[in-house]
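In: no sequence on this one, just coordinates:
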DNA sequence: ACTCTGCGTAGAGGA
């Protein structure tokens, strides 16, 4: 069954100034058609219609297509849109007068009249919605060009007809009123969970493409057959749902509302240009100009036909700097000025700083302390400037670059959620598993020896028992399997082998996760496995008999140790290799095959995909037509894409046998549903003892949005879990901490080498005694207690940091480096961004990675330093939701391989029960060191401090 | 009581 696309995507989108969501995220029959009162809106009667003539550049230099796909955002109306084409036309009105006007031109691919005359074409009137759209565009354009634009054009491609539209004031009023009604409905729905009544028109609703969604929502919100006005049609659309289903849908819909509301509080500056507080916008470059060092304003990228502009900070003239209180004549290019939140690949909106005009959208291709390069699909153009001064105007303009936050994730969530309640077979199976929590089924005990996947699993030598069991769990699952991958237990390589095993069964696999990096990690491993020189690939095409298969499996095991052997089976018919020569010719063939590796397709934007797998993106491949792409999609067995990227048109109608979702513990339920709809069974991999999904709204979090699908299913059906418990990361002492605090001794070291691994110094140089103790490799875990120092947290309105802890961390890091530990092996983590920035300045060595704990999940280093930050004279009023979350503590404690150095105030931290336990555990090993004023050079430290606190 | 990743904009049909 074809997958219906997103709910009502109209190109001009309502953006309510009060923060209502865009039009497409909600659907109800009343909101479907643009004008509520059709009578109000009519195209000009034919007789009075003025004649339009679009003039191309060669006809007259000043009459032309000015722009295509022009971005037009009008905060004044709370509307935004993209105009197909902006054209300059000559309008001949009755009395030989000809005016030149700028008007929007909208293309319609449909037939205006196609032989069979519809009522509309008979009347020579364009479709009402189309006219309404053009009228809205004239409003947007009037704002953009700062002049009144009162006409527009519609062009129907199939019938090659053009319609002129003259805006009537009454039409505009009607549309604006309709817009306000809509905004009101949306706002009401998201705040009070009340939807507008249904249209109650069988004729209109019967063929509406939103009928499914509409009826389900109506029923969920207490509606009935009667109130729907659709009679049996209504019942036939909702009869499959139970009360439990309604409760589930209503609850999640409300959670999404809560979260959306919270997120919208920090909405884009662009929609409130008059609210000029600079600190309310989270990520932007506020005053930049085009880099004038090159003569040309942009560089043309031939590969993807885009235009790259480079922006630099605006130099402030001296008198300006005085006025704003600055000391230098230009913006300091310090860390403070550099926005860490914007990164390469991010979508941005560029607008004029003073005119508040949004000009274009593009993405960042390169960013450094001094400049930012942005790639646009076309040349930058200020709507107000004329062609002669265009380039000059661009250079003179002061720009603002904002991150483009389109909140599509909420509409994706809603879309996914409602998909779960449709009547289709796929939906109903998933609903049983996820809503009704039916027990997942597994192929019981009997293992089919002729299953090539199983032979493969037995043949792989470097899997431990847990890992093999996990893969078997996956292979025997009929509905789903859960893999609990505790820190460092090799879940990625387990997944890689699981993928290979399933490929041998001929299964198609969808690999997914929330983040691009998680997916690329997996793919890089998948790639490395195959191209490794230690493997020989045997492609047994056309194997007829399972017995032969067994024979080959045995042969594989009996080959010399140096070759780990893999069987690669495609299909099950015809001959088998018999002679020695045949055998060798196969080997040659397979060596060639080996170099190609496992074939997979990575779907996603190239800018954000890891360079090592970029070659597997559709665009990077040798495709020249839609047919090529189709062919590729049919061939390929493994497709990798993010949870949100799943709605890519490339995957429309695609189905997979299995969906594997990595880092599933960090994905909210409605987002996770998306990819699952594409497969007949799924595997969730994660660790719900680590950080849960990020949910902004406290209310939503407390009401269950923070619980991932992985967590939900794990709690309902522990028998579906296969746990990986042998870890290959932490040494014994480090592991014992999280075993005691979190995992209840379920974690164990994979080998004695791992358990006894110690940090190796290149010979300890003389340093002060406390540092010597801290570095002592014999103590894998140490706690530096700051209670003897006045090392208190500094608290701004929004951030917390601790300068003395930052100083201590920097000192220890320096000492580690002095003793031969390379920067790459050291990681510094802390709960707070502000502290991470402070440490970054204090340490100032780029090879040492410094991040928040949250960002560090999934990573590890030889040596990790943790700065806990919280410390106050009166610990009682020192509450922290960040440190209070045991998931986060767990992540912090499980990142280090050989040495874990904790820095904090025992007294303050002991107020948190789990951290109290942590302190006690370290104390048992007598590894707590209280540093005093004598230990750290206080004078020097004061100087440092000043520099630190100066930064922010 | 401060943790932050993803995602592109479609458009026709019908009474």
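Out: Structure's in. What do you need? A quick note: this is a predicted structure, and the numbers were derived from the prediction, not measured. Residues are numbered from 1 along each chain as shown, chains lettered A, B, ... in the order given.

In: Direction included, what does the longest strand seen in chain A pair against?
Out: Using DSSP state E to define each element, chain A has its longest strand at strand A:79-93. Strand pairing for strand A:79-93, determined by DSSP bridges: strand A:13-14 (antiparallel), strand A:51-54 (antiparallel), strand A:65-74 (antiparallel), strand A:97-108 (antiparallel).

In: Off-centre distance for that strand?
Out: The chain centroid and the centroid of strand A:79-93 are separated by 35 Å under CA atoms, centre = their mean, to the nearest Å.

In: what about it, average pLDDT?
Out: Mean per-residue pLDDT for strand A:79-93: 83.

In: Quick check: buried residues in that strand?
Out: Judged by neighbour count using 16 or more other CB atoms under 10 Å, the buried positions of strand A:79-93 are A:79-91. Placement of C-beta: from N, CA and C, glycine included.

In: circling back: out of the strands paired with strand A:79-93, which comes closest to DNA strand B?
Out: With CB to the nearest atom of the strand as the measure, strand A:97-108 is the member of these nearest DNA strand B (3.6 Å).

In: Show residues contacting the closest one.
Out: Residues outside strand A:97-108 that contact it (CB atoms under 8 Å, 6 or more residues apart in numbering): A:52, A:54, A:62-63, A:65-66, A:83-93, A:130, A:133-134, A:137-138, A:140-141, A:145, A:147, A:149-157.

In: what's the angle from the lengthiest helix in chain A to strand A:79-93?
Out: Longest helix in chain A by number of residues, with DSSP state H as the criterion: helix A:169-192. Here helix A:169-192 runs at an angle of 170 degrees relative to strand A:79-93 (axes from the mean of the first three to the mean of the last three CA atoms, to 10 degrees).

In: Show me which positions of helix A:169-192 end up buried.
Out: Across helix A:169-192, burial judged by 16+ other CB under 10 Å covers A:171, A:172, A:174, A:175, A:178, A:179, A:182, A:183, A:185, A:186, A:189, A:190.

In: measure the first one to residue A:178 for me?
Out: Distance from residue A:171 to residue A:178, counting by CB to CB, to the nearest Å: 10 Å.

In: same thing with the second one?
Out: Separation of residue A:172 from residue A:178 (CB to CB): 11 Å.

In: The last one now?
Out: Computed with CB to CB, the distance linking residue A:190 and residue A:178 is 19 Å.

In: quick one on the thing from earlier: quick check, the helix or strand following the longest helix of chain A touching DNA strand B?
Out: Using DSSP states H and E, the helix or strand that follows helix A:169-192 in sequence is helix A:202-206. Yes: with CB under 7 Å from any atom of the strand as the criterion, DNA strand B is reached by helix A:202-206 at residue A:203.

In: helices and strands around helix A:202-206, which ones?
Out: helix A:232-238 (3 or more CB pairs under 8 Å, 6 or more residues apart in numbering; DSSP states H and E).

In: Show me what secondary structure element comes after the helix it packs on.
Out: Following the chain from helix A:232-238 toward its C-terminal end, the next helix or strand by DSSP H and E is helix A:243-264.

In: ok, residues contacting that next one?
Out: A:19, A:21, A:190-191, A:193, A:216, A:219-221, A:407, A:410, A:413-414, A:417-418, A:420-421, A:431, A:435-436, A:669-670, A:695-697, A:699-700, A:703-705.

In: Need the buried ones from those residues selected in PyMOL.
Out: Applied in PyMOL, the following selects the buried portion of those according to 16+ other CB under 10 Å:
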select buried, chain A and resi 19+21+190+216+219+220+221+410+413+414+417+418+420+421+431+435+669+670+695+697+700+703+705
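
In: so which of the contacts of helix A:243-264 also contact DNA strand B?
Out: Counting by CB under 7 Å from any atom of the strand, the members of those near DNA strand B are A:407, A:696.

In: Could you list which of the contacts of helix A:243-264 belong to helices?
Out: Among the contacts of helix A:243-264, the members falling in helices (DSSP H) are A:190-191, A:216, A:219-220, A:410, A:413-414, A:417-418, A:431, A:669-670, A:699-700.

In: where does the stretch 51-200 of chain A dip in pLDDT?
Out: Low-confidence segments of the stretch 51-200 of chain A (pLDDT under 70): A:51-63, A:93-97, A:110-126.

In: now with 80?
Out: Confidence mapping of the stretch 51-200 of chain A against pLDDT under 80 gives the ranges A:51-64, A:90-99, A:109-129, A:157-161, A:190.

In: among the strands paired with strand A:79-93, which is the most enclosed?
Out: Most buried of the strands paired with strand A:79-93 by mean neighbour count (mean count of other CB atoms under 10 Å) is strand A:13-14; its value is a mean of 20.

In: And the average pLDDT for that strand is what?
Out: So the average pLDDT for strand A:13-14 ends up being 51.

In: follow-up on the earlier one: who are the packing partners of the longest helix of chain A?
Out: With contacts defined as 3+ CB pairs under 8 Å, 6+ apart, helix A:169-192 has these neighbours: strand A:13-14, helix A:128-145, helix A:243-264.

In: Just the buried residues of the longest one, please?
Out: Taking 16+ other CB under 10 Å as the neighbour-count basis, helix A:243-264 is seen to contain the buried residues A:245-246, A:248-249, A:252-264.

In: So what touches the next helix or strand after that helix?
Out: Downstream of helix A:243-264, the next assigned helix or strand under DSSP H and E is strand A:284-290. The list of residues contacting strand A:284-290 from outside it, by CB under 8 Å, 6+ apart, reads A:269, A:278, A:297, A:309-314, A:331, A:339, A:342, A:353, A:372, A:394-395, A:397-403.
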